[in-house]
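> below is the sequence, then the predicted model.
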Amino acid sequence: MITPAALEAFRVQLLKKGLTLKTARNVIDGTLRALLRDARTVDKLIPHDVFADLPPKWWPRRPKTRPDPFDATERDKVLAHFREMRSAYYPFVLTAFATGARPGELVGLQWGDVDLRAGKLMIRRSRTLHEDNAPKTTGSERTIDLHAAVVAALGRLKPLHATDIMPVFLNTDGRVIYGDSFVKHEWHRALRASGVRPRKFYSTRHSFISLALSDGRPPQWVAEYVGTSLAMLHKHYAAFIRNPAADDLLMFLGALDGSERIGASALGPDGDMSRNSGVSAGSGRGISGHTGRRRRVIIR
């Protein structure tokens, strides 16, 4: 019989194995709880819901962590290291930085999800603990446009006789990349060698989102591209959303006095409205999308 004490022992065991508190909670509150619920309500094997006996704050409150992205210079240093020193993993790391996809979504990719001719990628699954599952939410299932550098890298990576169900990203042993092993043996070593402050591999996602928002990309577009909600984007990345200069926030009203004069603060050095009006002329961060001027962007 499963008791609260047994659940506590199981939690301790998971944490001792190195799982994070969040992962342990997903295992117990998600997978195990669903199994016990079905055993109780469907198969009538368990008479009582053991989770109802747990105290309200059985799970300790996790401290809030703020996104810790790489800036464009740090990103380029890391990419250069993998391109020159660990080229087998370069397409994997490049795709992470250039799509903002979750690590589980990346390792779950199959060649049937990649359309190199159209330059598109379909995210339809997430791989966790060596198993393929549905993405985090229904909104996480998406089709995205790929940067030209990613299309080129994946084109070189794709085997001649790749099947639709063949995994895209493999380790040097020819097996599907396992996130924890990659982080331990490749990721942190690359950061040290590049002289970049240590951060989780998940920060590649933070980097894409923060760079896109700070470069003026619409939050709705960013949210849809990375498979999250607009509310979550504002909750965690509001500091990176660029707004028009404070003096120009009311420019949409026009002159209102019958004149056609535009405030001097809205004009750039050449008499255009690109300086303070919220129209981006591009920042050179290597994130594709529309800006106030057309420009070629390359991720090296």
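That came in fine, so what should we check first?
> how near is residue 69 to residue 92?
Noted for residue 69: a distance of 18 Å to residue 92, by C-beta to C-beta, to the nearest Å. (Each C-beta comes from the backbone N, C-alpha and C, glycine too.)
> so the two - more neighbours on which side?
residue 92 (24 against 21; other C-beta atoms under 10 Å).
> moving C-terminal of the strand or helix carrying the more buried one, what's the next helix or strand?
Using DSSP states H and E, residue 92 falls within helix 90-99. Downstream of helix 90-99, the next assigned helix or strand under DSSP H and E is helix 103-107.
> and the helix or strand following that following helix, what does it pack against?
Once the chain leaves helix 103-107, the next helix or strand it forms, by DSSP H and E, is strand 114-115. Other elements packing on strand 114-115 under the criterion 3 or more C-beta pairs under 8 Å, 6 or more residues apart in numbering; DSSP states H and E are strand 120-123.
> and the strand it packs on, what's buried?
121, 123 (16 or more other C-beta atoms under 10 Å).
> and the helices in the stretch 1-150 of the chain, which stretches?
4-16, 21-25, 33-41, 72-85, 90-99, 103-107, 148-157 (DSSP state H, counting those that start in this stretch).
> and of the ones you listed, who's closest to residue 60?
helix 21-25 (7.2 Å; C-beta to C-beta).
> verify the stated contact: residue 122 with residue 143.
Yes: checked against C-beta atoms under 8 Å, the pair residue 122 and residue 143 is within contact range at 4.9 Å.
> surely residue 82 touches residue 93?
Yes: with contacts counted by C-beta under 8 Å, residue 82 reaches residue 93, the gap being 4.8 Å.
> give me the common contacts of the two.
By the contact definition C-beta atoms under 8 Å, 6 or more residues apart in numbering, residue 82 and residue 93 are jointly contacted by residue 190.
> who has more neighbours out of those two?
residue 93 (25 against 22).
> pLDDT weak spots in the protein?
Flagging of the chain using pLDDT under 70 yields the residue ranges 129-130, 132, 134-135, 243-255, 257-300.
> what domains does the record give for it?
4-53, 72-209 (automatic domain parsing).
> identify the residues contacting the residue nearest the centre of the chain.
Centroid-nearest residue in the chain, with C-alpha atoms, centre = their mean: residue 205, separated by 3.1 Å. Contacts for residue 205 (C-beta under 8 Å, 6+ apart) come out as 96, 100-103, 226.
> using PDB, list the CA coordinates for the helix or strand hosting it.
Of the helices and strands defined by DSSP H and E, residue 205 is found in helix 203-214. Output of helix 203-214 as PDB, limited to C-alpha atoms (Å, rounded to 0.1, in the frame of the first residue of the first chain):
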ATOM      1  CA  SER A 203      19.600  29.800 -21.700                       C
ATOM      2  CA  THR A 204      19.800  29.400 -25.500                       C
ATOM      3  CA  ARG A 205      16.000  29.800 -25.400                       C
ATOM      4  CA  HIS A 206      16.300  32.800 -23.100                       C
ATOM      5  CA  SER A 207      18.800  34.300 -25.500                       C
ATOM      6  CA  PHE A 208      16.600  34.000 -28.600                       C
ATOM      7  CA  ILE A 209      13.600  35.500 -26.800                       C
ATOM      8  CA  SER A 210      15.500  38.300 -25.100                       C
ATOM      9  CA  LEU A 211      17.400  39.300 -28.300                       C
ATOM     10  CA  ALA A 212      14.300  39.200 -30.400                       C
ATOM     11  CA  LEU A 213      12.300  41.300 -28.000                       C
ATOM     12  CA  SER A 214      15.100  43.900 -27.300                       C
END
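> mind listing what's buried along it?
Within helix 203-214, judged by 16+ other C-beta under 10 Å, the buried ones are 203-214.
> I'd like these laid out as JSON lines, including distance to residue 196.
Formatted as JSON lines, the buried residues of helix 203-214 follow (distance: C-beta to C-beta, whole Å):
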{"residue": "203", "distance to residue 196": "10"}
{"residue": "204", "distance to residue 196": "12"}
{"residue": "205", "distance to residue 196": "16"}
{"residue": "206", "distance to residue 196": "14"}
{"residue": "207", "distance to residue 196": "11"}
{"residue": "208", "distance to residue 196": "16"}
{"residue": "209", "distance to residue 196": "18"}
{"residue": "210", "distance to residue 196": "16"}
{"residue": "211", "distance to residue 196": "15"}
{"residue": "212", "distance to residue 196": "20"}
{"residue": "213", "distance to residue 196": "21"}
{"residue": "214", "distance to residue 196": "19"}
